[in-house]
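[1] requesting a structural model of the entry that follows:
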Amino acid sequence: LMDYAKSFVSTVKIGVVSTLLQIVSCSLVGYGLSRFSFFGKKTILVLVIFTIIVPPQAIIIPLYLKYRNFTFFGIGNILGLLRGQPLSVNILNTLWAFYVPALLGMGIRSGLFIFIFTQFFRGMPRDLEDAAYIDGCGAMITFLRIIVPNTGVGFLTVFLFSNVWYWNDYFYSSIFYNKVAPLSVKLVGLRQEINTQLFNRWSNPFAAITRVQAGSLLTIL
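    As a prediction, the model looks like this:
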């Protein structure tokens with residue numbers, strides 16, 4: 001009933017790739033907020049924290065409409081002035097519905113991960129960066145060669161949390177990706193499917209509970 005093999009592959013594609021993209025984007029944002037001074041820095045940090053407390057139900061309708069008519073961040077609307085109608089694509093039921101927000105630092109719990117990275121990077125001594133700058137390293141090279149190797153615990157923490165949240169996600173997956181439902185969505189629908197077939201196939205009422213528990217175990221494994 002769960003079609004475990006296909007659902008497992010779908011879950012891995014969503015979770016692992018989105019997690020890696022999220023680590024890249026959130027770490028860069030966290031590094032910028034922790035090490036550089038610029039206009040609006042405090043405002044951006046407040047907005048990052050604000051994304052943590054805003055429930056996803058509050059923005060799900062605008063997100064759905066945006067993914068239904070994705071205009072490549074407004075470029076399609078500009079081209080629409082020339083061709084008569086906006087250029088848009090539908091990225092619902094594609095993996096891009098998860099990849100795009102993760103790449104832009106707006107994936108599942110990205111605000112929390114940006115905050116975690118910011119705190120980790122603030123704890124790094126500035127002497128290491130100053131020495132790298134003296135040796136001729138720019139900001140990006142310093143980040144890759146100095147900051148990243150010395151904050152492995154932070155990256156591992158974010159990777160584990162992000163992967164678990166993507167693995168267990170039901171809300172976004174059930175709305176944005178119905179092509180090959182991931183395990184979380186399949187598991188929720190398993191009980192309903194079993195209860196529907198219970199009276200036709202099984203005489204034991206505990207059979208449904210047993211099969212749901214088996215599906216839960218497979219998801220955990």
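[2] quick one, helices of the chain?
    Shown for the chain, the helices assigned by DSSP state H span residues 4-35, 41-53, 60-68, 75-83, 96-103, 110-122, 126-134, 139-142, 148-150, 152-168, 171-176, 183-201, 206-220.
[3] switch those helices over to TSV; also include distance to residue 90.
    For the C-beta atoms, the positions are set from N, CA and C on the backbone; glycine is no exception. Shown next, in TSV, are the helices of the chain (distance: least, CB to CB, whole Å):
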stretch	distance to residue 90
helix 4-35	18
helix 41-53	25
helix 60-68	6
helix 75-83	12
helix 96-103	10
helix 110-122	23
helix 126-134	44
helix 139-142	35
helix 148-150	36
helix 152-168	22
helix 171-176	11
helix 183-201	20
helix 206-220	29
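[4] lowest-confidence stretch among these?
    Here the helices of the chain differ in mean pLDDT, and the lowest is helix 183-201 at a mean of 73.
[5] quick revisit: now tabulate the helices of the chain in a markdown table and tack on distance to residue 89 and mean neighbour count.
    As requested, these are exported to a markdown table (distance: least, CB to CB, whole Å; neighbours: other CB atoms under 10 Å):
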| stretch | distance to residue 89 | mean neighbour count |
| --- | --- | --- |
| helix 4-35 | 19 | 19 |
| helix 41-53 | 25 | 12 |
| helix 60-68 | 9 | 14 |
| helix 75-83 | 8 | 12 |
| helix 96-103 | 9 | 21 |
| helix 110-122 | 23 | 21 |
| helix 126-134 | 41 | 13 |
| helix 139-142 | 31 | 14 |
| helix 148-150 | 34 | 12 |
| helix 152-168 | 23 | 17 |
| helix 171-176 | 14 | 19 |
| helix 183-201 | 23 | 16 |
| helix 206-220 | 32 | 14 |
